[in-house]
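# Prediction below, plus the sequence it came from.
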Amino acid sequence: MKSRWIIGGSEYLDLAFHAWKQSRQDETVIRIEVPQDSEHEFDLGVLDGLNPTEGAMFVAFDERFGNFKRMELMQLAMARGFRLEPFVSTSAVVAADAVIGRNCFIGDGVVIGAGSRIDYNTVLHSGVKIGAGVHLRPSCWCDIGVSIGHSIEIGTHAILRMGAVVSSGVRIGRHCELGWPRLYDHDLPSRTVYDTRYDEPILVYGQ
């Protein structure tokens, strides 16, 4: 029986583990928490006994550090030769021509419209609605129930919090965080942050 190693940390690790375990009765699904030191560097010693030819891997780490730690762990796993595949819930509705990248998580009740592309390492929690012709670039994170219209582009490492609704035709830049539960009906430059702790959006300057 092939193995499926679900590695990472945070509550998202548990969510991903149980989702894979329920959907893959024909595999041995194993949860592996990867520890971090005081500098948040991963200790990959827990992976030393795993053979990439004996199964596949899924990296589950939440949106902290702007989704970068999940990306980092994914790259480290690939460097060791592990194959990473997306998880798509059996209750998700995905258009036949939609493209789902590796290590994506598509949760229960997610809808993805025709011609949409979900790039690698992106997480769509349960109930997320994606219209037609949408492009989510790598390592995005969409909380439960986020709604995205048609012909939209969401930049790399963007975070969309619960209650966010994006109007059709809008472009959201890289590293944006849509934290206010509201309608976003105009383009946003990269590094725009809507934080519920503040009354005005924040624009973070830099590369």
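Cool, the structure landed.

# quick check: domain ranges of the protein?
Taking automatic domain parsing as the criterion, the chain consists of the domains 3-79, 86-188.

# okay if I get those domains as TSV plus distance to residue 204 and mean neighbour count?
The C-beta positions use only the backbone N, C-alpha and C, and glycine is treated the same way. Listed next are those as TSV, based on distance: least, Cβ to Cβ, whole Å; neighbours: other Cβ atoms under 10 Å:
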stretch	distance to residue 204	mean neighbour count
domain 3-79	10	17
domain 86-188	7	20
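
# Include mean pLDDT when you put the ones you listed into CSV, please.
Converted to CSV, the domains of the chain look like this (pLDDT from 0 to 100):
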stretch, mean pLDDT
domain 3-79, 96
domain 86-188, 98
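
# So residue 72: helix, strand or coil?
Counting by DSSP: H, G, I helix; E, B strand; the rest coil, the backbone at residue 72 sits in helix.

# ok so, going back, could you provide the domains of the chain in TSV, with additional columns for distance to residue 199?
Conversion of the domains of the chain to TSV gives the following (distance: least, Cβ to Cβ, whole Å):
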stretch	distance to residue 199
domain 3-79	23
domain 86-188	10
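
# Of those domains, which is nearest residue 195?
Proximity to residue 195, assessed across the domains of the chain by Cβ to Cβ, is greatest for domain 86-188 (5.2 Å).

# roughly how far is that closest one from the heart of the chain?
Between the centre of domain 86-188 and the centre of its chain there are 9 Å (Cα atoms, centre = their mean, to the nearest Å).

# So for residue 202, what's the pLDDT?
If you check residue 202, the pLDDT there is 72.

# could you check the distance from it over to residue 158?
According to Cβ to Cβ, to the nearest Å, residue 202 and residue 158 sit 15 Å apart.

# swap in residue 183?
16 Å.

# before we move on, what about residue 26?
Going from residue 26 to residue 158 by Cβ to Cβ gives 35 Å.

# residue ranges of the helices in this protein, please?
Using DSSP state H, the helices of the chain run over 11-23, 68-79.

# Can you say which of those helices is nearest to residue 52?
Comparison of these against residue 52 by Cβ to Cβ identifies helix 68-79 as nearest, at 9.0 Å.

# which residue packs closest to residue 101, ignoring adjacent ones?
In space, and not counting its chain neighbours, residue 101 is closest to residue 120: 3.4 Å by Cβ to Cβ, 6 or more residues apart in numbering.

# Check the contact between that neighbour and residue 99; I expect there is one.
No: at 10.3 Å, residue 120 and residue 99 do not qualify as touching, with contact defined as Cβ atoms under 8 Å.
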